[in-house]
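J.: no sequence on hand, only this structure:
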């Protein structure tokens, strides 16, 4: 199941009812970003008003984001605008700035506003800024009467926990408090509450939740099983490797097997390569993609096995293997890719050139420069150009 985005949960139908097409106001191009004046900033803020179409408002928001820090004081002033749509966009822009000095400003908006939409936007902004001090603020919204507010609070705590700057937050008493508040939400029957809690506990790498998350791998909903499989890979405790292998081999849902394989590959465990290779070589089914993502995440450790299966007579397997070696970017595979430049199959030769280009080392560039086959020279030159971009 495709991940259900938190940003799709609330109020989009409300936005559209305000939209009406208007004559286009003067725009703001990337060319004059270095010459920003106050009137330009105020013009774009005006364009975010609910009387304009959604596309028009979002264009103005994106321009204000590009304006950077020079626009932020005026964006902060827009938090007092009478139009709640403008206030919402202002919070988005502040969140995108990632500037921690606005944490308290957003916290005050969150405290003073009763509007659910504004609360959600403020919490989302705190998650994007990733300031550890915001967690204490967010914890009290985990039990909010509005499910939407709760979803955003869980998501934001996870985002902050996923931030290297927050490392000090996830140890000792503070960590225990956060986990104590989050773990009961794993029992929720609400899809989004459970989904974002699993994801958040994964991002903060909470090993104490492993038993519960492993049990969730048997949940009836594929979306929940998928996020559980993904979170186990993020937490990174190898004790879950057998669980992930079972999911890869037995789960009926492709997206769940894909996420389990992605997690399995992250462990870079040589003993798991055979399982992933078996899937990868099943070229006619979705198992192939499951194996491919696992091997890609495994990286260099998978290269010897991939070189070995290049001896397979199946040209489709060879083609996919060459492409995968390029994605991994392993220079140790260059000799075998050079050999494939002599293959009778033109697609194999083309794929070898592309993979050599993806590896992109000086050795790779020299290989491409020395290709003498007239049918391949142009492609080799293009590969060199792409390396140097």
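T.: Everything's here; your move. The structure displayed is predicted, hence computed values, not measured ones. Numbering: from 1, shown residues only.

J.: mind listing what's buried in stretch 179-192?
T.: Within stretch 179-192, the residues that count as buried by 16 or more other Cβ atoms under 10 Å are 179, 181-182, 185-186, 192. For every residue, glycine as well, the C-beta is placed using N, CA and C.

J.: columns pLDDT on top of the residues you listed, output as CSV?
T.: Formatted as CSV, the buried residues of stretch 179-192 follow (pLDDT from 0 to 100):
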residue, pLDDT
179, 90
181, 93
182, 95
185, 96
186, 97
192, 97
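
J.: which ones among those residues map onto helices?
T.: Mapping these onto helices (DSSP state H) picks out 179, 181-182, 192.

J.: low-confidence ranges in the stretch 101-250 of the chain?
T.: For the stretch 101-250 of the chain, residues meeting the criterion pLDDT under 70 lie at 163-173.

J.: so where do the helices sit in it?
T.: 103-112, 116-129, 134-139, 147-161, 172-182, 191-203, 210-216, 222-235, 241-250 (DSSP state H, counting those that start in this stretch).

J.: got CSV for these, with distance to residue 333 too?
T.: Formatted as CSV, the helices of the stretch 101-250 of the chain follow (distance: least, Cβ to Cβ, whole Å):
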stretch, distance to residue 333
helix 103-112, 47
helix 116-129, 39
helix 134-139, 44
helix 147-161, 36
helix 172-182, 42
helix 191-203, 32
helix 210-216, 35
helix 222-235, 25
helix 241-250, 25
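
J.: wait, residue 223 touches residue 192, no?
T.: No: counting by Cβ atoms under 8 Å, residue 192 is not a contact partner of residue 223; they are 9.7 Å apart.

J.: ok, residue 290 to residue 83 distance?
T.: Taking Cβ to Cβ, to the nearest Å as the measure, residue 290 falls 48 Å from residue 83.

J.: okay, these two: which has more neighbours?
T.: A direct count of neighbours by other Cβ atoms under 10 Å for residue 290 and residue 83 places residue 290 higher, at 28 against 14.

J.: and the next helix or strand past the helix or strand hosting the more buried one?
T.: Using DSSP states H and E, residue 290 maps to helix 287-298. Where DSSP H and E defines the elements, the next helix or strand beyond helix 287-298 is helix 303-309.

J.: give the other helices and strands that that following helix contacts.
T.: Helices and strands touching helix 303-309, as assessed by 3 or more Cβ pairs under 8 Å, 6 or more residues apart in numbering; DSSP states H and E, comprise helix 273-280, helix 315-328.

J.: so the shortest one versus helix 241-250, what angle?
T.: Angle between the axes of helix 273-280 and helix 241-250 is 20 degrees (criterion: axes from the mean of the first three to the mean of the last three Cα atoms, to 10 degrees).

J.: output the contacting helices and strands for helix 273-280.
T.: Using 3+ Cβ pairs under 8 Å, 6+ apart, the elements in contact with helix 273-280 are helix 241-250, helix 254-266, helix 287-298, helix 303-309, helix 315-328.
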